[in-house]
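[1] Fold the following for me, if possible:
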Amino acid sequence: MPTSPATPAVERFIDRKELKRRGITWANNHMIRLELEGRFPRRVTLGPQTVVWRASEIDAWMQARIDERFANPGAA
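    Next comes the predicted model:
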């Protein structure tokens with residue numbers, strides 16, 4: 001269903017299980033550290049024990065890692 005300028009797109013959230021399915025298997029402490037350093041998208045707190053990430057931000061972050069690889073083909 002197309003969206004009009006007056007209709008905002010619905011944002012989809014990704015939970016921890018989906019991050020793992022996408023290959024992001026870091027420990028929670030490491031992810032928090034990267035988030036605080038601005039090197040990974042910040043989580044969204046939905047409840048006292050529920051956090052998610054915006055799918056669009058994770059997709060953009062993953063694409064940026066791919067783009068970096070092609071921009072620096074000699075890098076490890």
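[2] how many neighbours does P73 have?
    6 (other Cβ atoms under 10 Å). Yep, even glycine has a C-beta here, placed from its N, CA and C like the rest.
[3] measure it to D67 for me?
    12 Å (Cβ to Cβ, to the nearest Å).
[4] residue ranges for the helices of the chain, please.
    Along the chain, the stretches classed as helices by DSSP state H are 16-21, 28-36, 55-71.
[5] quick one: which of those helices is nearest Q49?
    When the helices of the chain are compared by Cβ to Cβ, helix 16-21 sits nearest Q49, at 11.3 Å.
[6] who's in contact with that closest one?
    T25, V51, W53, I58 (Cβ atoms under 8 Å, 6 or more residues apart in numbering).
[7] which parts of that helix are buried?
    Buried residues in helix 16-21, defined by neighbour count with 16 or more other Cβ atoms under 10 Å: R16, L19.
[8] Centre-most residue in this structure?
    Nearest to the mean C-alpha position of the chain, by Cα atoms, centre = their mean, lies I58 at 2.1 Å.
[9] quick one, what contacts that one?
    Counted by Cβ under 8 Å, 6+ apart, I58 has contacts I14, L19, R22, I24, P41.
[10] any idea how far H30 lies from R12?
    H30 is 24 Å from R12, by Cβ to Cβ.
[11] Quick check: which of the helices of the chain is nearest to G47?
    Closest approach to G47 among those is made by helix 16-21 (13.8 Å; Cβ to Cβ).
[12] Appreciated, that's everything.
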